[in-house]
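Engineer: Next come a sequence and a model predicted from it.
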Amino acid sequence: MPVILASSCKLKDWKALRRVHEGVLTEQARACRARRYGIYRNVNDATQVLLIAEFMELEQGNEFLQVWLEVCGSLCNDVPNHIVWEALGWAAIP
């Protein structure tokens, strides 16, 4: 079952996240066979980060989530809010 991981938190240091993204997170996303992976900044609150990643299996998403939560422990001011969504495969706008 394809799943999408969405997680957000208040970030302490964007430069530190960039370094972790370019190393640990990108490699872990590849190892977990992520179909999509991206990090976004809130345009109205530059301290807020959103991570979105898509995986073919729930187990892959959960494995990546554990690494993300470890990273957030040192980089975020709060506990990340995360949800794993099931993709329904309904038609989308082309």
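Structural biologist: Thanks, I have the structure now.

Engineer: which residues does the nearest residue to residue 58 once chain neighbours are set aside bridge with?
Structural biologist: Spatially, and ignoring its direct neighbours in sequence, residue 58 is nearest to residue 3 (5.2 Å; Cβ to Cβ, 6 or more residues apart in numbering). The way it works is simple: take the backbone N, C-alpha and C, and place the C-beta from them, glycine included. The residues paired with residue 3 through beta bridges, assigned by DSSP bridges, are residue 55, residue 86.

Engineer: correct me, but residue 3 touches residue 64?
Structural biologist: No - with contact defined as Cβ atoms under 8 Å, residue 3 and residue 64 do not form a contacting pair (10.2 Å).

Engineer: These two: which has the busier surroundings?
Structural biologist: A side-by-side neighbour count of residue 3 and residue 64, using other Cβ atoms under 10 Å, places residue 64 first with 23 against 18.

Engineer: Wasn't the more buried one part of a strand?
Structural biologist: No - counting by DSSP: H, G, I helix; E, B strand; the rest coil, residue 64 is not found in a strand; it is helix.
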